[in-house]
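S.K.: could you work out the structure for the sequence below:
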Amino acid sequence: MIDVEICPLKPEYIDSVLAINNMCFPTPWSRESLEREIKSNTLAKYVVAKKLDILMGYAGMWHILDEGHITNIAVHPEYRGFGIGSALLDALIEICKIELITSMTLEVRKSNLIAQNLYKKYGFVEEGIRKSYYMDNKEDAIIMWKHNI
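M.R.: The predicted structure follows:
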């Protein structure tokens, strides 16, 4: 476990977040999409994991009514396996508690067993499938929920 600082995503972190985004996702978000998320989407809550000046990962969700919809959790490949994904998910859950969000949801690739296992460790359960959800390869998404935050 690496000791990391979790803090809100700030504009000066965008380049590092984009680099992680490009390494982790087949269809990464554009700079414009990410900037719009943090500057003008009032529903968006994003955090980063960093140590000194090294950004190791980021996570985000949308606060919609009493639900938190996780948009992304990504950890730089060099820092995987050190608990950073767990620290980021802990931070999102803490935001939910503070903002009185009672449930969390997300979509995860059917092939992404590492992410699914992380979510299951935190009490997320599979509650549905979105057929051909991902545009890059038409892979199904598993819909997962965590109730009673």
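S.K.: can you classify residue 13 by secondary structure?
M.R.: With DSSP: H, G, I helix; E, B strand; the rest coil as the basis, residue 13 sits in helix.
S.K.: residue 116 too?
M.R.: helix.
S.K.: next one: it from residue 27, what distance?
M.R.: Using CB to CB, to the nearest Å, residue 116 is found at 19 Å from residue 27. For glycine as for every other residue, the C-beta is placed from the backbone atoms N, C-alpha and C.
S.K.: which other residues reach whichever strand in the chain runs longest?
M.R.: Counting residues, the longest strand in the chain under DSSP state E turns out to be strand 54-64. Defining contact as CB atoms under 8 Å, 6 or more residues apart in numbering, one finds that strand 54-64 is touched by 2, 4, 9, 13, 16-17, 20-21, 37, 41, 43-50, 68-76, 79, 84-85, 88-89, 91-92, 95, 99, 101, 104.
S.K.: among those residues, which are in helices?
M.R.: 16, 17, 20, 21, 37, 84, 85, 88, 89, 91, 92, 95 (DSSP state H).
S.K.: not counting sequence-adjacent ones, nearest residue to the second one?
M.R.: In other words, residue 17. In space, and not counting its chain neighbours, residue 17 is closest to residue 58: 5.0 Å by CB to CB, 6 or more residues apart in numbering.
S.K.: hmm, back to that, who's more crowded, residue 116 and residue 27?
M.R.: Between residue 116 and residue 27, counting by other CB atoms under 10 Å, residue 116 is the more crowded of the two (17 against 9).
S.K.: for the more buried one, what are its contacts?
M.R.: 108, 142, 144.
S.K.: one more pass at 6 Å, please.
M.R.: residue 108 (CB atoms under 6 Å, 6 or more residues apart in numbering).
S.K.: and it, how far from residue 24?
M.R.: 15 Å.
S.K.: how about residue 81?
M.R.: In terms of CB to CB, residue 81 sits 14 Å off from residue 24.
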